[in-house]
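*Asks:* Sequence plus the predicted model coming up.
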Number of protein chains: 2
Amino acid sequence: MNFITFTEEQLRNFTYSVFERMGCNDEHAKLATDVLIRSDLRGIDSHGVARLSGYVRLWEKQRINATPNIKVVHETPTTATVDGDGGLGLVVAPFAMQIAIQKAKQYGSGWVAVKNSNHFGIAGYHALLAVEQDMIGMSMTNASPLVAPTYANERLLGTNPICYAFPAGHHPPVVVDMATAAAANGKLEIAQRSNTAIPDGWVQDAKGQQSTNPNELKNGGSLLPLGSDKAHGSHKGYGLGATVDILSAVLSGANYGPWVPPFVAFLEPPTDPVGEGIGHFLGAMRVDGFRPVADFKNHLDNWIERFKGATTVDPDKKVIIPGEPEYAFEQERKLEGIPLIDVVVNDLNELATKLGIAKLH
Amino acid sequence: MNFITFTEEQLRNFTYSVFERMGCNDEHAKLATDVLIRSDLRGIDSHGVARLSGYVRLWEKQRINATPNIKVVHETPTTATVDGDGGLGLVVAPFAMQIAIQKAKQYGSGWVAVKNSNHFGIAGYHALLAVEQDMIGMSMTNASPLVAPTYANERLLGTNPICYAFPAGHHPPVVVDMATAAAANGKLEIAQRSNTAIPDGWVQDAKGQQSTNPNELKNGGSLLPLGSDKAHGSHKGYGLGATVDILSAVLSGANYGPWVPPFVAFLEPPTDPVGEGIGHFLGAMRVDGFRPVADFKNHLDNWIERFKGATTVDPDKKVIIPGEPEYAFEQERKLEGIPLIDVVVNDLNELATKLGIAKLH
């Protein structure tokens, strides 16, 4: 595996051109680009430009609307439901988050359920929009079914991520951004490429037995919820995934459970939808709705320092603050560029040829 | 182990008398009783009347205030911080939840952070108060440090439970109510009593090595976060526990992390507190702030039926809807009574003697 490193600006320009060719207006193309590039900057390579050709394929199949009329369809002072009109989740979710933030400015908190959307990139991007305003940000989304609930031998839930983000003082924000499955699909894909065994507790095979074969998903198997099995709390991971599904989709009017449309163009969506598109749920709460911002940040800094300074089992390892590794990546990659593996670069250059834009190199 | 079965009314009367003897007023004694009895009714025996003598011991040491002046100390239209004045969490948390519900009635949602409180019983009780009003309820609390974050060899977090509760139509509410540790302390206590090995992945010993000895907590060990180890996502369980700690305590002004006072009278609280008491975080959102209640309930019923009807690995087991077993217990125990193990009955009768009230039998 070879890496080629690009500057942030190179990748931004390329990505913008792709969204422009899809027909996105300037504002939408910039926003979608920002979500993807921030993922690469933060070291979450699986959710950045590596997914660009996937978005394009869904657009080609008319499963993503590049010119959506995103609108609020239901509202109270602090809640709203947004219809994403089949647009890119990368555009729809920040739109919804801005509504949550505006409501929070006026009333202390704001909560927006979204239907008729698509894959929204990294959950952390949206939650961090609130953090910039000294708010606590929350974001979650449902996703194509890959996870079998405890005891089930069917894929009924997506990896349904949850993110909470908190503004700190002189430390980076605390960002808890996690899939509710035991392991994200991206980790499986890495094991598939190198054809190495995965730990027990990540997947079950088509018969429902735990397996260490990274290819079980292709053979009819399922991902397991966080907790892996009942004895280790898989019902909790399943409960969290269910919470994300209900808040994102049952509440908004999107598809839920096994009806969530797949995020790959080669699989067709279910023919009996129970809602529209996929769903998100986003929220913002003003820190000073609870206590002065400076007090909160001082105590969160103290929290961070106490946890970072904790005694560890292995003296060479430290307790990691959620969001700290991603922040470190972001500082480094802004200066030193973003490394992409060659297969991703080739894929992007093929995309460039297809769309008639300049190749990456 | 022998069980003795009491009617709900017998246990309510007894529990009320205990709180009355502590000096609680009629309203507070009824409320605290309701929280504990509902836990026993719902089959969560570890959090019901079995804890009564523990609350009394903390009150005897003046670590619980039976006559608190619970008040709102900070507020916006949809957020508030409540000072519990050292009162029973069983009283303080429902007080705070009612504020959240009132705010939600007026503005769509309400969120209340609580400081200076104590153990609040089962998280589900508080979240279900919102469900009765066709709202989505959320409750969480931090707790005495027992859990070691990923890589740590220190207890820095409590089992920090999270609950989300959703109103369904003709099915019982969906109630996700879970500790963020791999296994609740109650499960360890059961294994201690029978002196049986516990599964790998629940605890680590004083050196930070995983152990199957249920007594490791007494020997300086720690509970492990949901996920058990890094390969299985323990950083996610740690992240969830951290989220609960920050929302409940850093946001409210309560003690957090290793500074949370222990909920047992024989352990003294830290002498260098960073806040007041323990903290909770409670919220309510009106379902009709997002879509009509009937639509939400119809789709949640459909969700429930699809998951309950899923294909399972073992044909004798069904997929369990979160909250369904507790609901079934509640229906059964309301009719047939609540079984208590003899050690709990003896403990309660000793308490009766000490307080000068009628014994249970």
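*Replies:* Sure thing, it's come through.
*Asks:* low pLDDT regions in chain A?
*Replies:* Judged against pLDDT under 70, chain A has no low-scoring part.
*Asks:* Can you pull up the most central residue in it?
*Replies:* residue A:122 (2.9 Å; CA atoms, centre = their mean).
*Asks:* Not counting sequence-adjacent ones, nearest residue to residue A:20?
*Replies:* Sequence neighbours aside, residue A:29 is the residue nearest to residue A:20 in space, at 5.0 Å (criterion: CB to CB, 6 or more residues apart in numbering or on different chains). Where you see a C-beta, it was placed from the backbone N, CA and C, and this is true even at glycine.
*Asks:* State whether that neighbour and residue A:21 are indeed in contact, as I suppose.
*Replies:* No. Assessed by CB atoms under 8 Å, residue A:29 is found out of contact with residue A:21, at 9.2 Å.
*Asks:* Next, the contact list for residue A:25, please.
*Replies:* Contact analysis of residue A:25 by CB atoms under 8 Å, 6 or more residues apart in numbering or on different chains lists residue A:67.
*Asks:* Give me the secondary structure label for residue A:69.
*Replies:* coil (DSSP: H, G, I helix; E, B strand; the rest coil).
*Asks:* Actually, residue A:110.
*Replies:* Put simply, residue A:110 is strand when judged by three-state DSSP.
*Asks:* I'd like to know how many residues surround it.
*Replies:* 30 (other CB atoms under 10 Å in any protein chain shown).
*Asks:* what's the spacing between it and residue B:56?
*Replies:* Per CB to CB, to the nearest Å, residue A:110 is found 43 Å from residue B:56.
*Asks:* List the buried residues in the helix or strand containing the residue nearest to residue A:20.
*Replies:* In this structure, residue A:29 is located in helix A:26-41 according to DSSP states H and E. Applying a neighbour-count criterion of 16 or more other CB atoms under 10 Å in any protein chain shown, one finds A:28-41 buried in helix A:26-41.
*Asks:* residues in contact with it?
*Replies:* Applying CB under 8 Å, 6+ apart, the contact partners of helix A:26-41 are A:8, A:11-12, A:15-16, A:19-20, A:24, A:45, A:47-49, A:51-52, A:66, A:87-88, A:90-91, A:93-94, A:120-122, A:125, A:329-330, A:333-334, A:338, A:340.
*Asks:* And the strands in the stretch 151-300 of chain A?
*Replies:* A:162-166, A:174-178, A:203-204, A:210-211, A:222-223, A:278-286 (DSSP state E, counting those that start in this stretch).
*Asks:* I'd like to know which elements the third one is packed against.
*Replies:* So the one you mean is strand A:203-204. strand A:210-211, strand A:222-223 (3 or more CB pairs under 8 Å, 6 or more residues apart in numbering or on different chains; DSSP states H and E).
*Asks:* Which stretch among the ones you listed is buried most, on average?
*Replies:* strand A:222-223 (a mean of 26; mean count of other CB atoms under 10 Å in any protein chain shown).
*Asks:* who does it touch, helix- and strand-wise?
*Replies:* Packing partners of strand A:222-223 (3+ CB pairs under 8 Å, 6+ apart): strand A:203-204.
*Asks:* what's the closest residue to residue A:294 other than its chain neighbours in contact with, if anything?
*Replies:* Of all residues not flanking residue A:294 in the chain, residue A:169 sits nearest, at 7.8 Å (CB to CB, 6+ apart). Contacts for residue A:169 (CB under 8 Å, 6+ apart) come out as A:294, A:297, A:298, A:300, A:301.
*Asks:* Let me have the residues you listed in CSV, extended by neighbour count.
*Replies:* Putting the contacts of residue A:169 into CSV (neighbours: other CB atoms under 10 Å in any protein chain shown) gives the following:
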residue, neighbour count
A:294, 12
A:297, 19
A:298, 15
A:300, 22
A:301, 15
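*Asks:* Looking at those, which are in helices?
*Replies:* A:294, A:297, A:298, A:300, A:301 (DSSP state H).
*Asks:* What is the burial count for the closest residue to residue A:267 other than its chain neighbours?
*Replies:* Leaving aside its chain neighbours, residue A:267 sits nearest to residue A:144 (7.9 Å; criterion: CB to CB, 6+ apart). Residue neighbour count, defined by other CB under 10 Å, stands at 21 for residue A:144.
*Asks:* State the distance from the residue in chain A sticking out farthest from the centre to chain B.
*Replies:* In chain A, counting by CA atoms, centre = their mean, residue A:315 sits farthest out from the average C-alpha position, at 32.6 Å. From residue A:315 across to chain B, the span is 10 Å (CB to the nearest CB, to the nearest Å).
*Asks:* same question, residue A:160
*Replies:* Residue A:160 is 12 Å from chain B, by CB to the nearest CB.
*Asks:* so who does the residue lying closest to that residue once chain neighbours are set aside touch?
*Replies:* Once flanking residues are discounted, residue A:160 sits nearest to residue A:244: 3.8 Å by CB to CB, 6+ apart. Residues near residue A:244 by CB under 8 Å, 6+ apart: A:140, A:141, A:142, A:160, A:161, A:162, A:180, A:281.
*Asks:* Distance-wise, check the fifth one relative to residue B:306.
*Replies:* Okay, so that is residue A:161. Taken as CB to CB, the span from residue A:161 to residue B:306 is 22 Å.
*Asks:* can you check the third one too?
*Replies:* Distance, residue A:142 to residue B:306, by CB to CB: 14 Å.
*Asks:* More neighbours: the two, which one.
*Replies:* Taking neighbours as other CB under 10 Å, residue A:142 and residue B:306 compare with residue A:142 leading, 30 against 17.
*Asks:* which residue sits closest to the more buried one in space, ignoring its chain neighbours?
*Replies:* Nearest one to residue A:142, counting by CB to CB, 6+ apart, is residue A:248 at 4.4 Å.
*Asks:* Quick check: the one you found vs chain B, distance?
*Replies:* 11 Å.
*Asks:* Counting neighbours, what do you get for that residue?
*Replies:* For residue A:248, the count of nearby residues is 29 (other CB under 10 Å).
*Asks:* check contacts around it.
*Replies:* Going by CB under 8 Å, 6+ apart, residue A:248 touches A:113, A:114, A:140, A:141, A:142, A:160, A:254, A:256, A:278, A:279, A:280, A:281.
*Asks:* Quick check: neighbours of whichever helix or strand residue A:115 is part of in the sheet, parallel or antiparallel?
*Replies:* Element membership for residue A:115 (DSSP H and E) is strand A:109-117. When pairs are called by DSSP bridges, strand A:109-117 turns out to pair with strand A:79-83 (parallel), strand A:278-286 (antiparallel).
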